[in-house]
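> what would the 3D arrangement of this be:
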Amino acid sequence: MQPSSMSFLQHTMRLVRVAFAAALASSAAHAQTTPLLNEVHTISATGTAAPVEHQFTLTAAGQYTLTLTDLGAALQPSAPVASIKLALTNGSSIVGTPLSAGGTLQFNGTPGTYGIHVVGTPGSGLGSGSIGILVTDSGKNQVAAFSDQLAVPPQPVASSQDDFSDTFTVQNSGAYQIKITDLQFPQALNQGILALTAQGSSSLVATLDISSNPQQTVNLTSGVTYSVFAIGVASSSALGGLYNILVTSSADASITYSKTRVLGGVSDLGQLTLTAGASYSLNVADLAFPAALTQVGAVVVQNATLAAAQLAAGSAPFVATTTGRYEAYSLATPATAPGVGSYSVQVKPQSGAALLSVARAVTAVGNASAAFSFDTTIPAAGAYVANLQNFSFPLALTSVSMAVAQNGALVGALQNGTGSVNINAAAGPITLLAVAQAASGSGGLFDVNLTGSGSSTLLFDATQAVGTYFVARKITVTSAGTYDVSAADVGFPAPFTNFDVAVTQGTSMLGQIASVGKFSFTASPGDYFVNFMAQPATSSAGTYSLNVVPKPAAPVVTLSASPTHVNSGGTTTLTWSTQNATSCTASGGWTGSQALSGTFTTSALTTATTFTLTCAGPDESANQSVTVSIDAASGGGGGGGGALDEAFLLAVAVALGLRAYQLRAGTSFRD
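Okay, here's the model as predicted:
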């Protein structure tokens, strides 16, 4: 008996240790639930005002009021918005009734984070689109406050008109010169006007006209914040224009505020720092990918002055007059057919590396293709591989091409198709150019990336959609495992007609869904893109929610019967426990909802019966069955040993169940 008893004890302790390890694993799985991505975001169509979004946090439950104010309507002359809508969200749910105009939204708040989403269209009046948002509690105490501008952001192919607003604060009271300058690149503007007003005031401090009254001296007050409103109009959207707004002190000519604005086909290439008296060259090249341009040029600007101009492919030497920040701008016009092209611009000192080196792809106004430019940096000179992938999701692109540019020249190209191109690159800036076209009425997704030669390690990776609303979010996975992606349509200001979500890494698509739903993907440590593509139904904007979390551990069900053999008319006791489950349902020889653990005594059994318990978890379900057999009738009496063994086994099962319960409840024990 002693060896048998020791064997049973060792077996029991092994079961306890297994249960303990399972409980620890379950606890670890549940601990790793921090979202990799959790957002509610409003997107809008190209060419419309960018949505305004803010978040604020409530720390106490109560009644709150959100007030939306059209600040442009208070200007003289009045400049109200053409339309405006606001929704308040908590998670993926809309709180209260969205506003369809300025006004107040009252809501019962609970502790947590809330999102504000505003969409609208500026009016035609000067300064239209300025809005204010205020959140107060029941005692009218400020909880959050925001001021914004509903405005159309710069687009790959912009309009011929630029509507601009900004603010600056004066440090010293005195006389200041307000100036608006037409930089006449690539041509003179048709119209340019500027208005200056103190915030909170309904009167204008200054009004300027770019042709008849381009500058004015006014007195400004220390500590006051002033609002600048400007409109520039070019003769054509294809060529566009360039102008500057400058505020300087009359006392010492110091610059208080400076902003250069682009119109139409003019592009902002970025900033660089030059040294007074040093010699530089502005270099412009037509890369002829996928076809030659009809016009290309670039300028270097400091505030309201052109420092250098090169209005065709070639090089223009120049000397910097002052030390400080300069800005570079370009213009490129593709040929009518195929309507796409590319170019490069460099600003180089007499010796050494370029201070600015970029390449850009462009499309003609109204062309069906879209052009994209992705800038990155090569860490060291050597052999590299540029990769292009047409994911054919949700539909295949009709065409997509890629080229790689560095130091003012192409170093590789891949025409119309998925694949790779080997390149030899120097250390420093490099640009991946892409031109793509989606089928009419549909959208598609592609990826460009860069790896070392003979390596799968991504040095650069970018996804881009064509022909649809698009958002790409980069997430970083630090622990290998399976992850859940959930997407939902919030329905503000209107539901989407459809939307698609895909997770990609380099040229691999790891999972996708069409419309509302959930999918899982398996990932090792690294960076991934969650790509959202959509088309609103009856509005130029829509709101979605996206959530990426580690996949919850699968449920585990343990079910046993004691005894498993009974005489006809006898009963048995079912004992069960679960892990990672949220609900359980019985079937077979028993029915109905059951607790996550417990015991159950059956009714009298006359035939062999199978009992099944199915338990659901956050993502999936699991089940286990046990069958109780009916023993054949036997004559004579039996000893009590069998009954004692069954009672002993039942006691052990109950003890193990109690241990499992203690583990789930977080209590400790000694083995």
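
> tell me which residues in stretch 238-252 are buried?
Under the neighbour-count criterion of 16 or more other Cβ atoms under 10 Å, stretch 238-252 has 238-249 buried. Just so you know, the C-beta spots here come from the backbone N, C-alpha and C atoms, and that holds for glycine as well.

> what does stretch 57-64 rub up against?
106-114, 135-138, 143 (Cβ atoms under 8 Å, 6 or more residues apart in numbering).

> return the set of buried residues in stretch 101-114.
102, 105, 107, 109, 114.

> and these, which of them are in strands?
105, 107, 109, 114 (DSSP state E).

> let me know the closest of those residues to residue 284.
Distance to residue 284, by Cβ to Cβ, is smallest for residue 114 among these, at 49.2 Å.

> could you check the pLDDT of the closest one?
Looking at residue 114, its pLDDT stands at 98.

> how far away is it from residue 108?
12 Å (Cβ to Cβ, to the nearest Å).

> next one: residue 486
26 Å.

> ditto for residue 248
Residue 248 is 52 Å from residue 108, by Cβ to Cβ.

> leaving out sequence neighbours, find the closest residue to residue 611.
Spatial nearest neighbour of residue 611, excluding adjacent residues (Cβ to Cβ, 6 or more residues apart in numbering): residue 589 at 4.5 Å.

> can I assume the one you found is in contact with residue 607?
No. Between residue 589 and residue 607 there is no contact under Cβ atoms under 8 Å: 9.6 Å.

> what about these two, which has more around it?
Applying other Cβ atoms under 10 Å to residue 589 and residue 607 shows that residue 589 carries more neighbours, namely 21 against 9.

> which ones are touching that one?
Contacts of residue 589 (Cβ under 8 Å, 6+ apart): 602, 605, 609-611, 628.

> residue closest to the middle of this protein?
residue 473 (3.7 Å; Cα atoms, centre = their mean).

> how close does that residue get to residue 265?
Counting by Cβ to Cβ, the gap from residue 473 to residue 265 is 30 Å.

> same check on residue 521?
The gap separating residue 521 from residue 265 is 41 Å, by Cβ to Cβ.

> so for those two, which sits in the more crowded spot?
Between residue 521 and residue 265, counted using other Cβ under 10 Å, the more crowded position is residue 265 (26 against 21).

> residue 331 is in contact with that one, correct?
Yes. The criterion here is Cβ under 8 Å, and residue 265 meets it with residue 331 at 5.5 Å.

> list residues touching both of the two?
Joint contacts of residue 265 and residue 331 (Cβ under 8 Å, 6+ apart) are 239-240.

> quick one: the helices in this structure, in order.
Remark: helices assigned in the chain by DSSP state H are 2-31, 641-665.

> pick out the shakiest of those helices, pLDDT-wise.
Looking at the helices of the chain, the bottom one is helix 2-31 with a mean of 39.

> save the buried residues of stretch 238-252 as CSV, and put in pLDDT and distance to residue 326 too.
Output for these, formatted as CSV (pLDDT from 0 to 100; distance: Cβ to Cβ, whole Å):
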residue, pLDDT, distance to residue 326
238, 71, 26
239, 82, 23
240, 88, 20
241, 93, 19
242, 95, 14
243, 97, 17
244, 97, 13
245, 97, 17
246, 97, 15
247, 97, 19
248, 97, 18
249, 96, 21
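
> any idea how far residue 402 is from residue 342?
Applying Cβ to Cβ to residue 402 and residue 342 gives a distance of 11 Å.

> joint contacts of these two?
Joint contacts of residue 402 and residue 342 (Cβ under 8 Å, 6+ apart) are residue 433.

> ends of stretch 63-80, how far apart?
30 Å (Cα to Cα, to the nearest Å).

> what's the answer for stretch 499-519, then?
14 Å.

> so how far is residue 505 from the closest residue to residue 476 other than its chain neighbours?
Leaving aside its sequence neighbours, residue 476 sits nearest to residue 527 (Cβ to Cβ, 6+ apart; 5.4 Å). Residue 527 sits 7 Å away from residue 505, going by Cβ to Cβ.

> those two: who's more crowded?
Using other Cβ under 10 Å, the more surrounded residue of residue 527 and residue 505 is residue 505, with 20 against 13.

> so residue 420 sits right up against residue 384, yeah?
No. The pair residue 420 / residue 384 is not scored as a contact, 10.3 Å apart, by Cβ under 8 Å.

> neighbour count for the two, which is higher?
Neighbours per residue (other Cβ under 10 Å) separate residue 420 from residue 384, with residue 384 holding more: 23 against 16.

> please name the bridge partners of the more buried one.
Under DSSP bridges, the beta-bridge partners of residue 384 are residue 423, residue 452.

> then residue 306?
residue 301.

> so it touches residue 181, yeah?
No. Contact criterion Cβ under 8 Å: residue 306 and residue 181 do not qualify, at 10.0 Å.

> between the two, which is the more surrounded one?
Higher neighbour count among residue 306 and residue 181: residue 181, with 19 against 16, using other Cβ under 10 Å.

> kindly state the beta-bridge partners for the more buried one.
Going by DSSP bridges, residue 181 forms beta bridges with residue 244.

> poorly predicted segments of the stretch 401-550 of the chain, please.
536-538 (pLDDT under 70).

> all strands of it, in order?
Here the stretch 401-550 of the chain has its strands, by DSSP state E, counting those that start in this stretch, at 409-414, 419-425, 428-437, 444-452, 458-466, 469-477, 481-489, 496-505, 508-514, 517-523, 526-536, 541-550.

> how about residues contacting the longest one?
Spelled out, it's strand 526-536. 37, 43, 45, 394, 443, 445, 447, 458, 461, 463, 465, 468-477, 485, 487, 494-505, 510, 542, 544, 546, 548.

> buried ones among these?
Those of the contacts of strand 526-536 that meet the buried threshold are 37, 43, 394, 443, 445, 447, 458, 461, 463, 465, 468-472, 475, 477, 485, 487, 494-496, 498-505, 510, 542, 544, 546, 548, by 16+ other Cβ under 10 Å.

> buried set for stretch 331-349?
Going by neighbour count (16+ other Cβ under 10 Å), the buried part of stretch 331-349 is 331-334, 339-348.

> mind checking the end-to-end distance for that stretch?
Distance across stretch 331-349, first residue to last, is 22 Å (Cα to Cα).

> what mean pLDDT does that stretch get?
pLDDT averaged over stretch 331-349 gives 94.

> just the buried positions in stretch 168-179, please.
168, 170, 176-179.

> quick one: residue 68 and residue 98 touch, right?
No. Using Cβ under 8 Å, residue 68 is not in contact with residue 98; the gap is 10.4 Å.

> the more surrounded of these two?
Of the pair residue 68 and residue 98, residue 68 is the one with more neighbours under other Cβ under 10 Å, namely 20 against 17.

> quick check: pLDDT value at the more buried one.
Confidence score, pLDDT, at residue 68: 96.

> contacts only, for it.
Contacts of residue 68 (Cβ under 8 Å, 6+ apart): 84, 86, 99, 102-105, 118, 131-133.

> ok, residue 590 to residue 574 distance?
From residue 590 over to residue 574 (counting by Cβ to Cβ), the distance is 7 Å.

> please tell me how far residue 379 sits from residue 452.
In terms of Cβ to Cβ, residue 379 sits 9 Å off from residue 452.

> for the record, mean pLDDT for stretch 80-90?
Stretch 80-90 shows a mean pLDDT of 96.

> give the buried residues for it.
So for stretch 80-90, counting by 16+ other Cβ under 10 Å, buried means 80-81, 84-90.

> what's the most distant pair in those?
80 and 90 (29.7 Å).

> for the residue nearest to residue 254 when sequence neighbours are not counted, what are its contacts?
Spatial nearest neighbour of residue 254, chain neighbours left out: residue 248 (6.6 Å); criterion: Cβ to Cβ, 6+ apart. By Cβ under 8 Å, 6+ apart, the contact list for residue 248 reads 176-177, 179, 254-256.

> looking at these, which one is closest to residue 275?
residue 255 (18.5 Å).

> isn't that closest one up against residue 246?
Yes. The pair residue 255 and residue 246 passes the contact test of Cβ under 8 Å, sitting 7.0 Å apart.
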